[in-house]
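Q: Sequence and computational prediction follow.
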Amino acid sequence: MRPASLLPCLIALAFASSAGADGFTLESASFGPNATLDTKYVFNGGSCRGGDNSPELHWSGAPEGTKSFAVTLFDPDARNGAGFWHWIVFDINAKTTSLPVGAGADAGSVAPPGSVSGKNDFDRIGYSGPCPPKGDKPHRYVFTVYALRTEHLGIPAGADGPTARKALEADAILSATLQAQYGR
């Protein structure tokens, strides 16, 4: 039997290990792990009324050899489990360690210089926030930062989610995720 004083340490260690492999972590000042996203980050269109701003994200502990980063937002619960791409941005300079609120705007005015945006499943360039069907259980929204072994991912601006995923899988050294949720 383990002493009771070790149990909190073991639980904390298990949580830290799941947050990011090898110390590579993704966090946000806009929301916490598994928190419900505020409406300022929700899609503004159709039957959804939100601010459609990408949240603040910051990461640390990138592995040695990182030459650029990419960030994605994916809803694995949409389309009967097929998923939905809400945001794809890549070719982010390796010295960048954060994205401010609104960095996903389609005009790119807040995005890091030199970064490139893909096309989300709303058929828009940049960030489009959550908008799950009314009555669905809350959907999970998985933000992922990828540490890449190349400065340029080699896909064009406006690339779609499946194209980006294939390139990211080929060039990722490591990734870290942060999950939120939203329902209506």
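A: That came in fine, so what should we check first?

Q: what about the strands in this protein?
A: For the chain, applying DSSP state E gives strands covering 25-27, 57-60, 68-75, 84-93, 98-99, 116-117, 139-148, 172-182.

Q: So L37 is in contact with G183, correct?
A: No: contact criterion C-beta atoms under 8 Å: L37 and G183 do not qualify, at 9.9 Å. From N, CA and C alone the C-beta is placed, and that goes for glycine too.

Q: tell me the centre residue of the protein?
A: The centroid of the chain falls nearest to F143 when counting by C-alpha atoms, centre = their mean (2.1 Å).

Q: any idea how far that one is from T72?
A: As judged by C-beta to C-beta, to the nearest Å, F143 and T72 stand 7 Å apart.

Q: Show me what S175 is bridged to.
A: Y146 (DSSP bridges).

Q: What's the local residue count around it?
A: 20 (other C-beta atoms under 10 Å).

Q: Looks like G46 contacts G129 (just checking).
A: No: using C-beta under 8 Å, G46 makes no contact with G129, being 11.7 Å away.

Q: Would you map the helices across this protein?
A: Using DSSP state H, the helices assigned to the chain run over residues 6-19, 161-171.

Q: Mean pLDDT lowest where, among the ones you listed?
A: Confidence, taken as mean pLDDT, is least for helix 6-19 of the helices of the chain (a mean of 32).

Q: Make JSON lines out of the strands of the chain and add mean pLDDT and distance to P162.
A: Formatted as JSON lines, these follow (pLDDT from 0 to 100; distance: least, C-beta to C-beta, whole Å):
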{"stretch": "strand 25-27", "mean pLDDT": "98", "distance to P162": "22"}
{"stretch": "strand 57-60", "mean pLDDT": "98", "distance to P162": "23"}
{"stretch": "strand 68-75", "mean pLDDT": "98", "distance to P162": "11"}
{"stretch": "strand 84-93", "mean pLDDT": "97", "distance to P162": "8"}
{"stretch": "strand 98-99", "mean pLDDT": "98", "distance to P162": "23"}
{"stretch": "strand 116-117", "mean pLDDT": "95", "distance to P162": "16"}
{"stretch": "strand 139-148", "mean pLDDT": "98", "distance to P162": "15"}
{"stretch": "strand 172-182", "mean pLDDT": "98", "distance to P162": "15"}
